[in-house]
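Chemist: The sequence and its predicted three-dimensional model are supplied below.
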Amino acid sequence: MNLILAIDVLGTIAFAISGVLTALHKRLDPFGILIIAFVTAVGGGTLRDILINAPVAWMRNLTYVYVIFGAAIFAVIFRKRLGYIRRSLFLFDTIGIALYTIVGVEKGLAADFPPVICAALGTMTACFGGVIRDILCNEIPIIFRKEIYATACILGATAYLFLLKTNLTEDIILIISGSIVITVRLCAVYFKLSLPSIYRKDELEGP
Amino acid sequence: MNLILAIDVLGTIAFAISGVLTALHKRLDPFGILIIAFVTAVGGGTLRDILINAPVAWMRNLTYVYVIFGAAIFAVIFRKRLGYIRRSLFLFDTIGIALYTIVGVEKGLAADFPPVICAALGTMTACFGGVIRDILCNEIPIIFRKEIYATACILGATAYLFLLKTNLTEDIILIISGSIVITVRLCAVYFKLSLPSIYRKDELEGP
Amino acid sequence: MNLILAIDVLGTIAFAISGVLTALHKRLDPFGILIIAFVTAVGGGTLRDILINAPVAWMRNLTYVYVIFGAAIFAVIFRKRLGYIRRSLFLFDTIGIALYTIVGVEKGLAADFPPVICAALGTMTACFGGVIRDILCNEIPIIFRKEIYATACILGATAYLFLLKTNLTEDIILIISGSIVITVRLCAVYFKLSLPSIYRKDELEGP
């Protein structure tokens, strides 16, 4: 359990810092930076909880609030040196989305939603904080333009749902499906993979 | 009932395809296209359900999910030829918003909201999927700039609410108010009607 | 109580008119103007109610709907002359956010959320109508770029929460913390204060 909490906190930190970086790039003021850090970290889970009509987690458990606040201040102060920890951040972020995906799927299962919807809820938990961040910063969400990790989440969520029908213990299932998310994403970044383009070359000139 | 289900499915298809077309225009990737198709088709109803604190329909009834998924794939593959079925799509879409409007009004009445709010809920069900689609695609919602069909929905919803106070059977009321939505919209498109401009000519130079 | 209702109505009018002005600037049509007026006035409270899973106030109490409708029509007709009442509007708006902040904090306390979250709910109630307005108008929310009143709300909400632990009567607490919001904002506007910039000069060229 402590391991999962640690992953959750590290993932939240990585998400919050990614929000700060986007907000700094847009030259937002301190209030804007804080809101964007917050939304990036908890937006996906909040949207999920609203859709399934569950209480919103960060409103009752202040751990997230303090972690995001601390991460945002840290990121603003050390913004020139975040390059040095870029790799660690990327790793936290990747492990974070793996965990977020599975948390989302589990919340869906607990509320008795069909498997397809649970996979969607898992993907939403991991990806839609970034979607809300981009909308608030007046950008088309990057995840809609250049597939970064939605596919990894979908594959991990699907694996989790299938493995639940086997005899494996829950811990093993968690580790396998989490590893799928992480592996797919690491491979995607390392080999510069993305979803196959559906546009012919001449379509991409323009729009 | 089967007729209503058929209208609902055809409307969902038309909405999903309109989402795909916007997403293609913005050169989104397959994941983005799917999300935009989804949001366009079910976004209005989802917003309504969240506001009235009702369970979100598509999360329990997978028909919508499969229909939208199928329509999105179809629209991507045959995107060069969608021009041939443009008229059918427009017809489905028009019938769809008529039905969506009335479904929204009925959901509001069932939860005992005042008539003005029920009319707003009907209009929201029909129009706000497009609003969310446009926001996600980083555009000012087209329905706020160039009135396409909100007025038709408002008129149809109002008619429905008035007719409920008469002795007409529910089927007749549904048909009359649905026809009002459809007629107003067809006339608006055919005669290129729009809401009267509130800007003087010199105000429109600029912004 | 009548005083509070009057403040609430005046605040709603000021918020609705600010929405109309933004919508006019973007050359929206009458339907768009009405929606933006509405969202600016009730968006913050609506988001708060969704997050804390409370019924949305304006859907049961039509006062807001009529006030916003009337204010929007008034603002469109007299838009050339709104300059004359700019000061009154600014005053209503300032008093309005003071009230909205405290209403938000109180709703949070009533639902037993931790103080930090209650302060956030108060700030959200006062500020996020404008955030949704700006997103719908395809702008980065102005409150994220150039701090106008979030800090005033945060200070007022914090004061309210601290004063609750004293022996003061609720009326006195309301007046003191409301005055803090109003004073901070008036000073900020008068002395052109804003949050300290976190950007060095060379960072602000670009982006």
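Modeler: That came through fine.

Chemist: Please make it C-alpha for all contacts and neighbour counts, starting now.
Modeler: OK.

Chemist: Output the below-cut-off pLDDT ranges for chain A.
Modeler: A:1-2, A:147-148, A:201-207 (pLDDT under 70).

Chemist: Around chain B, pick out the residues from it.
Modeler: A:50-53, A:113-114, A:117, A:135, A:138-141, A:143-147, A:150, A:195, A:197-199, A:204, A:207 (C-alpha under 8 Å from any C-alpha of the partner chain).

Chemist: buried subset of those?
Modeler: When the residues of chain A next to chain B are checked for burial by 16 or more other C-alpha atoms under 10 Å in any protein chain shown, the buried set is A:50-53, A:113, A:117, A:135, A:138-141, A:143-147, A:150.

Chemist: Any idea which residue is closest to the centre of chain A?
Modeler: Nearest to the mean C-alpha position of chain A, by C-alpha atoms, centre = their mean, lies residue A:126 at 3.1 Å.

Chemist: give the contact list for that residue.
Modeler: Neighbour list for residue A:126: A:44, A:45, A:96, A:97, A:98, A:100, A:101, A:104, A:153 [criterion: C-alpha atoms under 8 Å, 6 or more residues apart in numbering or on different chains].

Chemist: and if you look at residue A:127?
Modeler: Neighbour list for residue A:127: A:44, A:97, A:143, A:149, A:150 [criterion: C-alpha under 8 Å, 6+ apart].

Chemist: cool, and residue A:109?
Modeler: A:115, A:118.

Chemist: Ok, residue A:16 next?
Modeler: Residue A:16 neighbours (C-alpha under 8 Å, 6+ apart): A:36, A:37, A:38, A:40, A:41, A:68, A:71, A:72.

Chemist: in chain A, what residue is nearest chain C?
Modeler: residue A:32 (3.8 Å; C-alpha to the nearest C-alpha).

Chemist: After the helix or strand hosting residue A:22, which helix or strand is next?
Modeler: Assigned by DSSP states H and E, residue A:22 belongs to helix A:2-25. Following helix A:2-25 in sequence order, the next helix or strand is helix A:30-51 (DSSP H and E).

Chemist: That next one packs against which elements?
Modeler: Judged by 3 or more C-alpha pairs under 8 Å, 6 or more residues apart in numbering or on different chains; DSSP states H and E, helix A:30-51 is in contact with helix A:2-25, helix A:63-77, helix A:115-136, helix C:142-145.

Chemist: Show me what counts as buried in the second one.
Modeler: When neighbours are counted by 16+ other C-alpha under 10 Å, the buried residues of helix A:63-77 are found to be A:64, A:65, A:67, A:68, A:69, A:71, A:72, A:73, A:75, A:76.

Chemist: which other residues reach that helix?
Modeler: A:9, A:12-13, A:16-17, A:20-21, A:33-34, A:37-38, A:41, A:58, A:82.

Chemist: top of those residues by neighbour count?
Modeler: residue A:37 (33 neighbours; other C-alpha atoms under 10 Å in any protein chain shown).

Chemist: What distance do you get for the closest residue to residue A:111 other than its chain neighbours to residue B:125?
Modeler: Sequence neighbours aside, residue A:52 is the residue nearest to residue A:111 in space, at 7.6 Å (criterion: C-alpha to C-alpha, 6 or more residues apart in numbering or on different chains). Using C-alpha to C-alpha, to the nearest Å, residue A:52 is found at 19 Å from residue B:125.

Chemist: what about stretch A:76-83, start to end distance?
Modeler: End-to-end distance (C-alpha to C-alpha), stretch A:76-83: 13 Å.

Chemist: circling back to that earlier point, for the helix holding residue A:22, the distance to its chain's centre please.
Modeler: Counting by C-alpha atoms, centre = their mean, to the nearest Å, helix A:2-25 is centred 9 Å from the centre of its parent chain.
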